[in-house]
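>>> What follows is a protein structure lacking sequence information:
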């Protein structure tokens, strides 16, 4: 597969957020899986039961959908 999936979630930053791009455009910072799903919904991408595990839809870099660095939270 030569193409990247439409959604790329970058590794967690020190503040706990992960940058999200859709079709190469930065759409925001996700602080939880729910934020990623919200970005998918806003972009009109399909949200299926296994959307977060679908490598053709989302490329998780630096950890999967359950890897968040929330140590900066109180």
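Arrived safely, thanks for sending. Computed from a prediction, not measured in an experiment: that's the story for all the values here. Numbers count the residues shown, from 1 in each chain.
>>> Count the residues that sit near the residue nearest to residue 12 when sequence neighbours are not counted.
Distances taken as C-beta to C-beta, 6 or more residues apart in numbering put residue 69 closest to residue 12, at 3.7 Å, once the chain neighbours are dropped. Quick note: C-beta positions are derived from backbone N, CA and C, even for glycine. Close neighbours of residue 69, defined as other C-beta atoms under 10 Å, add up to 17.
>>> tally of neighbours for the closest residue to residue 22 other than its chain neighbours?
Ranked by C-beta to C-beta, 6+ apart and with sequence neighbours excluded, the top spatial neighbour of residue 22 is residue 43, at 4.9 Å. Number of residues near residue 43 (other C-beta under 10 Å) recorded here: 14.
>>> same question, residue 53
12.
>>> begin at 503 from here
In the new count, where the first residue is 503, that last one comes out as residue 555.
>>> Torsion angles phi and psi at the nearest residue to residue 560 once chain neighbours are set aside?
Leaving out its chain neighbours, the residue that sits closest to residue 560 by C-beta to C-beta, 6+ apart is residue 509, at 4.4 Å. Listed backbone geometry of residue 509 is phi -110, psi 130, with angles given as degrees, to the nearest 10.
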